[in-house]
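Peer 1: Got a predicted structure plus its sequence, pasted below:
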Amino acid sequence: MPSLEEELFPSTPGKFKDRNRHFHRCFASTSTMFLWALFLIALTASYLCFQSFVDSGNRYFSATWGGHHWEKQVRTSAQIRRSHGMSVLVTGAAGFVGSHVSLALKKRGDGVVGLDNFNNYYDPSLKKARKNLLNEQDIFVVEGDINDSKLLLKLFDIAGFTHVMHLAAQAGVRYAMENPNSYVHSNIAGLVTLLEACKNANPQPAIVWASSSSVYGLNEKVPFSESDRTDQPASLYAATKKAGEEITHTYNHIYGLSITGLRFFTVYGPWGRPDMAYFSFTRNILQGKPITVYRGKNRVDLARDFTYIDDVVKGCIGSLDTSGKSTGSGGKKRGPAPYRIFNLGNTSPVTVPMMVGMLEKHLKVKAKKNFVVMPGNGDVPFTHANISSARKEFGMREARRK
Ligand SMILES: O=C(O)[C@H]1O[C@H](OP(=O)(O)OP(=O)(O)OC[C@H]2O[C@@H](n3ccc(=O)[nH]c3=O)[C@H](O)[C@@H]2O)[C@H](O)[C@@H](O)[C@@H]1O
């Protein structure tokens with residue numbers, strides 16, 4: 001059998017005619033192959049385009065909402081099942097705090113509809129697992145983004161929420177250096193889109209939302225009180241949360257929306273966020289990998305007012321219960337409405353090495369610690385909450401040691 005080379009480049013002149021025929025056939029099959037290749041490339045390109053559209057859609061706008069069945073699920077989930085109960089839209093419901101608050105509200109008979117974009121800041125399968133927990137308790141979680149104004153309009157139309165517990169946010173202090181725009185997208189643009197929907201709703205809901213202890217930034221006066229200065233943020237994350245406080249104030253002032261901002265202090269507990277230190281340290285310790293422990297200037301240990309999730313849930317629900325009403329409707333203010341800010345902390349800071357010590361004790365494994373000077377990546381040396389306002393307003397408890 002002649003080789004391909006022989007076929008293409010025949011050694012005897014007598015085969016030239018043949019060669020042309022072969023060449024022709026060969027050209028025909030090459031051009032077919034070329035066309036097939038082009039087709040496949042086009043197919044792959046359109047698949048990739050579609051995938052990236054789906055991905056960005058999943059991240060920002062989900063097209064999966066709408067329809068009769070979907071509306072029925074929203075309506076049923078929003079139904080209040082106790083007297084004087086509330087109907088709450090919980091944004092970030094598949095998140096750490098959001099899932100706990102949703103379950104607590106549902107348990108006491110309030111109507112709850114969740115909203116979450118299931119983005120991939122950390123493993124979305126954890127968010128899906130939290131969503132399944134909520135589904136088991138008949139809480140419907142809408143897959144969508146707070147920047148999707150049409151979706152919000154639809155949700156308010158169907159459910160007429162009395163309250164919004166706004167916990168959807170781009171969290172994490174240090175990640176802001178990697179992906180600054182995600183903070184603007186969720187914590188600023190998303191917040192404004194949500195507030196627009198709330199202000200236009202009739203009746204307007206009362207809003208409780210998650211600010212952060214990070215707004216105290218480089219403040220050195222301890223413990224941190226709500227009246228302390230918050231104009232020296234140390235990270236873009238903190239700056240977007242501080243911006244959120246100013247933005248919500250504007251909506252309260254112009255449109256009569258009842259607003260409560262909660263400054264959470266490093267919340268921990270079951271179903272927590274894998275990006276947080278207690279979680280990633282645990283994983284590394286169990287896998288025998290080293291952990292990096294930051295230190296301040298002069299080898300001073302960093303400290304956080306770590307706050308247990310149940311206390312934060314109580315603070316969220318206490319805030320919803322005492323929020324007072326928004327006074328406006330359909331975008332018009334009818335009178336002044338409450339504007340409040342509370343610290344939700346433990347009032348008992350723990351140093352990071354102490355936290356590591358507790359993990360070692362409970363895991364019964366010694367951590368491989370690398371101490372490094374705190375990089376200038378948005379961290380602050382310590383946090384310490386004064387929660388007397390929250391205690392007075394809704395009985396927030398102090399110094400819970402776990
Ligand atoms: O209270 C808050 O406002 C913030 O609390 C946490 O932020 P952070 O306190 O930085 O929590 P972690 O990331 O869990 O860090 C806890 C401590 O461990 C330290 N750390 C973190 C990571 C690491 O590799 N090594 C290390 O020593 C940090 O410097 C910090 O002192 C949350 O991640 C923020 O979303 C939240 O808003």
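Peer 2: Received, thanks.

Peer 1: residues contacting whichever residue of the stretch 1-150 of the chain sits closest to the ligand?
Peer 2: Residue of the stretch 1-150 of the chain nearest the ligand, by CB to the nearest ligand atom: Phe96 (9.5 Å). Using the backbone N, CA and C atoms, a C-beta is placed for each residue, glycine as well. Neighbour list for Phe96: 130, 267, 269, 271-273, 309 [criterion: CB atoms under 8 Å, 6 or more residues apart in numbering].

Peer 1: Show the buried residues in the residues you listed.
Peer 2: Buried members of the contacts of Phe96, scored by 16 or more other CB atoms under 10 Å, are 130, 267, 269, 272-273, 309.

Peer 1: among the contacts of Phe96, which are in strands?
Peer 2: Val267 (DSSP state E).

Peer 1: Including distance to the ligand and pLDDT, could the contacts of Phe96 go into TSV?
Peer 2: Formatted as TSV, the contacts of Phe96 follow (distance: CB to the nearest ligand atom, whole Å; pLDDT from 0 to 100):
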residue	distance to the ligand	pLDDT
Arg130	17	98
Val267	7	98
Gly269	12	98
Trp271	15	98
Gly272	9	98
Arg273	7	98
Ile309	13	98
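
Peer 1: tell me which of the contacts of Phe96 is nearest to Asp123?
Peer 2: Closest approach to Asp123 among the contacts of Phe96 (CB to CB): Arg273, at 10.3 Å.

Peer 1: Please look at the closest one and Phe279 and confirm they touch.
Peer 2: Yes - counting by CB atoms under 8 Å, Arg273 does reach Phe279; the two are 6.4 Å apart.

Peer 1: Tell me where the stretch 301-402 of the chain has helices.
Peer 2: Here the stretch 301-402 of the chain has its helices, by DSSP state H, counting those that start in this stretch, at 309-321, 352-363, 388-394.

Peer 1: Which stretch among the ones you listed is buried most, on average?
Peer 2: Counting by mean count of other CB atoms under 10 Å, helix 309-321 has the highest mean neighbour count of these, with a mean of 21.

Peer 1: helices or strands up against that one?
Peer 2: With contacts taken as 3 or more CB pairs under 8 Å, 6 or more residues apart in numbering; DSSP states H and E, helix 309-321 sits against helix 96-107, strand 163-166, strand 206-212, strand 259-264, strand 267-268, strand 339-344, helix 388-394.

Peer 1: Return the residues of the protein in contact with the ligand.
Peer 2: Within reach of the ligand by CB under 6 Å from any ligand atom, the chain has these residues: 171-173, 212-214, 264-266, 276-277, 292-294, 302, 304, 352, 379.

Peer 1: Go ahead and flag the most central residue of the chain.
Peer 2: Ala169 (4.1 Å; CA atoms, centre = their mean).

Peer 1: Name the residues of the helix or strand where Lys242 lies that come out as buried.
Peer 2: Using DSSP states H and E, Lys242 sits within helix 236-255. Buried residues in helix 236-255, counted by 16+ other CB under 10 Å: 236-245, 247-248, 251-252, 255.

Peer 1: Val373: neighbour count?
Peer 2: 11 (other CB atoms under 10 Å).

Peer 1: Phe118 too?
Peer 2: Neighbourhood size, Phe118 [other CB under 10 Å]: 18.

Peer 1: Please apply the same query to Lys131.
Peer 2: The number of residues packed near Lys131 is 22, by other CB under 10 Å.

Peer 1: list the contacts for it?
Peer 2: Contacts of Lys131 (CB under 8 Å, 6+ apart): 93-94, 99, 114, 116, 118, 141.

Peer 1: what's the distance between Ser99 and Leu262?
Peer 2: Applying CB to CB, to the nearest Å, the value for Ser99 to Leu262 is 16 Å.

Peer 1: My guess is Ser258 contacts Thr248. True?
Peer 2: No - Ser258 is beyond contact range of Thr248, at 10.3 Å (criterion: CB under 8 Å).

Peer 1: and for these two, which residues touch both?
Peer 2: Common contact partners of Ser258 and Thr248 (CB under 8 Å, 6+ apart): 207, 339.

Peer 1: circling back: what's the most buried one of the helices and strands packed on helix 309-321?
Peer 2: strand 163-166 (a mean of 29).

Peer 1: Adjacent strands (with direction) for that strand?
Peer 2: Looking at strand 163-166 with DSSP bridges, its partner strands are strand 87-91 (parallel), strand 206-212 (parallel).

Peer 1: low-confidence ranges in the stretch 1-150 of the chain?
Peer 2: Applying pLDDT under 70 to the stretch 1-150 of the chain flags residues 1-63.

Peer 1: Show me the strands in it, by range?
Peer 2: For the stretch 1-150 of the chain, the strands defined by DSSP state E, counting those that start in this stretch cover 87-91, 111-116, 140-143.

Peer 1: which of the residues in the second one are buried?
Peer 2: To tie it back to what came earlier, the one meant is strand 111-116. The neighbour-count check on strand 111-116 (16+ other CB under 10 Å) flags 111-116 as buried.

Peer 1: looking just at contacts, which helices and strands does it meet?
Peer 2: Applying 3+ CB pairs under 8 Å, 6+ apart, one finds that strand 111-116 makes contact with helix 68-78, strand 87-91, helix 96-107, helix 124-136, strand 140-143, helix 149-159.

Peer 1: Deepest in the core, which of these is it.
Peer 2: It is strand 87-91: most buried of the helices and strands packed on strand 111-116 by mean count of other CB under 10 Å, with a mean of 27.

Peer 1: Only alpha carbons, please: show that strand as CSV.
Peer 2: Taking Å, rounded to 0.1, in the frame of the first residue of the first chain, the C-alpha atoms of strand 87-91 are listed here in CSV:
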residue,chain,number,x,y,z
SER,A,87,-43.4,39.0,55.9
VAL,A,88,-39.7,39.3,55.3
LEU,A,89,-37.6,39.3,52.2
VAL,A,90,-34.2,38.0,53.3
THR,A,91,-31.5,38.9,50.8
